[in-house]
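Participant: sequence first, predicted model second:
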Amino acid sequence: MRILVTGGAGYIGSHTCKRLKACGHDPIVFDNLSTGHRSFVRFGPLVEGDLNDRAALDRAFAEHRPDAIIHFAASAYVGESVQDPLKYYRNNVGGTCNLLTAAVAHGVRDIIFSSSCATYGTPASVPIVETMPQAPINPYGDTKLVGESMLRAATAAYGMRCIALRYFNAAGADLDGELGEAHDPETHAIPLILAAARGTIPAFSVFGTDYATPDGSCVRDFLHVADLADAHVRAVEALQRLDGFTAINLGTGTGHSVLELIATVERVTERRVPVVRGPRRSGDPAALVADATLAADLLGWSPRHAALDTIIRSAWDWMHNPLHPLGNGTRDAG
Ligand SMILES: NC(=O)c1ccc[n+]([C@@H]2O[C@H](COP(=O)([O-])OP(=O)(O)OC[C@H]3O[C@@H](n4cnc5c(N)ncnc54)[C@H](O)[C@@H]3O)[C@@H](O)[C@H]2O)c1
Ligand SMILES: O=c1ccn([C@@H]2O[C@H](COP(=O)(O)OP(=O)(O)O[C@H]3O[C@H](CO)[C@@H](O)[C@H](O)[C@H]3O)[C@@H](O)[C@H]2O)c(=O)[nH]1
């Protein structure tokens, strides 16, 4: 299949393009390079364009005639969405609406959507199943919920087929060392803990140690990005047999606290992580852990690299990889 991958120059999108190519599909990346990297687009052509530019979308559809879309492109930081919510509604809600309008106009009806566990807000219990209420507690999560609503309505009205993948926390890097996470500025926990271990930032700040969790820090379900990529390929293939709108969690089913991440980084890297215990970050629920039974049932998917050590080791190796578009310039104090 020819697949238009919006956000394919980004972290999860680039890993998914690699997997698509390995499985015999042809990814076409549509990306404005706002947080992505040209050097991550290695598995098919790059169309440089913005989701909010309808003419650019029309040209991409007309030239490349995709059979399906995988829609990653979005602004994706919980903390930033609290500071600048309108950026999130503009890019994520406006961008998705524009993309769907173009897809309908060009007769493309199959779409995989990057949703998030952030749509669940503060769940009544974990692990979270797909049928539990969605009540986001930050603007980012709300934009993903609105995205799901748009897609649900569009599938009903225009005969589209959609799978919304609600992923938990993507982490780690390509196990062949070709790709990885490279955000500037970096806000995600694992790369920042590794940067503190390496000495490129003075310390890692733990956002809140007074949550109702076993050690007081937040608990998240960290999922290897290669497993996420594999799930996307399975999902786009599953659209051939799944009509309408389906939402599926992607996670490992195991939660790890922020303090546990720090301890694991210290063990895996054999370095000390300087830590500052800070206040809570606005918009953070205490614990998010997936029940991923539906992904196993509908996609035949289960994570293959779920061990936290494997995830952290791959991220550490990537941080020292010459292909890292930002990391090479950072100082290694160790
Ligand atoms: N990283 C996670 O843990 C996680 C978890 C759940 C959901 N998600 C979702 O997965 C998707 C990918 O996340 P990521 O971590 O790879 O982020 P990323 O920032 O690395 O990738 C996003 C890509 O989209 C592009 N982009 C953004 N706005 C665009 C626009 N208007 N037009 C064209 N391109 C645009 C960026 O340049 C970038 O290449 C996002 O939708 C995010 O919300 C991520
Ligand atoms: O310097 C930091 C950064 C993060 N954290 C904590 O670490 C956890 C994970 O945070 P982060 O890595 O920023 O990820 P999330 O905020 O959980 O968001 C990611 O995971 C979500 C799903 O949970 C996705 O939807 C988002 O796109 C993605 O950015 C949270 O409890 C944070 O409070 C810290 O304590 N200190």
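Facilitator: Yes, it's here. Ligands and ions are numbered 1, 2, ... in the order given.

Participant: what ranges do the helices span in the stretch 101-250 of the chain?
Facilitator: 139-158, 189-198, 225-238 (DSSP state H, counting those that start in this stretch).

Participant: now for the shortest one, which elements pack on it?
Facilitator: Using 3 or more CB pairs under 8 Å, 6 or more residues apart in numbering; DSSP states H and E, the elements in contact with helix 189-198 are strand 204-207, helix 258-269, helix 308-319. Every residue, glycine included, has its C-beta placed from N, CA and C.

Participant: the shortest one pairs with which strands?
Facilitator: Applying DSSP bridges to the sheet, strand 204-207 is found paired with strand 275-278 (parallel).

Participant: let me know whether the partner strand sits next to ligand 2.
Facilitator: No: against ligand 2, strand 275-278 shows no contacts by CB under 6 Å from any ligand atom, the least distance being 7.5 Å.

Participant: how far off centre is the helix or strand following that strand?
Facilitator: Helices and strands here follow DSSP states H and E; after strand 275-278, the next one along the chain is strand 287-288. A distance of 16 Å separates the C-alpha centroid of strand 287-288 from that of its chain, computed with CA atoms, centre = their mean, to the nearest Å.

Participant: next structured bit after strand 287-288?
Facilitator: Downstream of strand 287-288 (by DSSP H and E), the next one is helix 293-299.

Participant: that next one packs against which elements?
Facilitator: Using 3+ CB pairs under 8 Å, 6+ apart, helix 293-299 is in contact with helix 225-238, strand 245-250.

Participant: what comes up buried for it?
Facilitator: L294, A295, L298, L299 (16 or more other CB atoms under 10 Å).

Participant: need these in JSON lines (columns: pLDDT).
Facilitator: Shown next, in JSON lines, are the buried residues of helix 293-299 (pLDDT from 0 to 100):
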{"residue": "L294", "pLDDT": "98"}
{"residue": "A295", "pLDDT": "98"}
{"residue": "L298", "pLDDT": "98"}
{"residue": "L299", "pLDDT": "98"}
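
Participant: ligand 2: which of those residues is nearest?
Facilitator: A295 (15.6 Å; CB to the nearest ligand atom).

Participant: ok, now how distant is that closest one from K87?
Facilitator: 31 Å (CB to CB, to the nearest Å).

Participant: just to be sure, T35 is in a helix?
Facilitator: No: counting by DSSP: H, G, I helix; E, B strand; the rest coil, one finds T35 to be coil, located in no helix.

Participant: spell out which parts of the protein neighbour ligand 1.
Facilitator: Residues of the chain lying near ligand 1 (CB under 6 Å from any ligand atom): 6-7, 9-13, 31-36, 50-52, 72-74, 76, 91, 95, 114, 116, 167, 169-170.

Participant: got a pLDDT number for G283?
Facilitator: pLDDT, G283: 89.

Participant: a markdown table for the helices and strands packed on helix 189-198, including distance to V289 and mean pLDDT?
Facilitator: Formatted as a markdown table, those follow (distance: least, CB to CB, whole Å; pLDDT from 0 to 100):
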| stretch | distance to V289 | mean pLDDT |
| --- | --- | --- |
| strand 204-207 | 18 | 98 |
| helix 258-269 | 13 | 98 |
| helix 308-319 | 13 | 97 |
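
Participant: so which of those is nearest ligand 2?
Facilitator: strand 204-207 (3.6 Å).

Participant: ok, I111 to G278 distance?
Facilitator: 39 Å.

Participant: please apply the same query to C17.
Facilitator: 36 Å.

Participant: neighbour count for these two, which is higher?
Facilitator: Applying other CB atoms under 10 Å to C17 and G278 shows that C17 carries more neighbours, namely 29 against 13.

Participant: quick one on the thing from earlier: could I get the helices and strands packed on helix 189-198 as JSON lines with mean neighbour count?
Facilitator: Shown next, in JSON lines, are the helices and strands packed on helix 189-198 (neighbours: other CB atoms under 10 Å):
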{"stretch": "strand 204-207", "mean neighbour count": "20"}
{"stretch": "helix 258-269", "mean neighbour count": "19"}
{"stretch": "helix 308-319", "mean neighbour count": "21"}
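
Participant: for A182, which of these is the nearest?
Facilitator: Minimum separation from A182 across those (CB to CB) falls at helix 308-319, 8.5 Å.

Participant: and the angle from that closest one to helix 189-198?
Facilitator: Inter-element angle recorded for helix 308-319 and helix 189-198: 70 degrees (by axes from the mean of the first three to the mean of the last three CA atoms, to 10 degrees).
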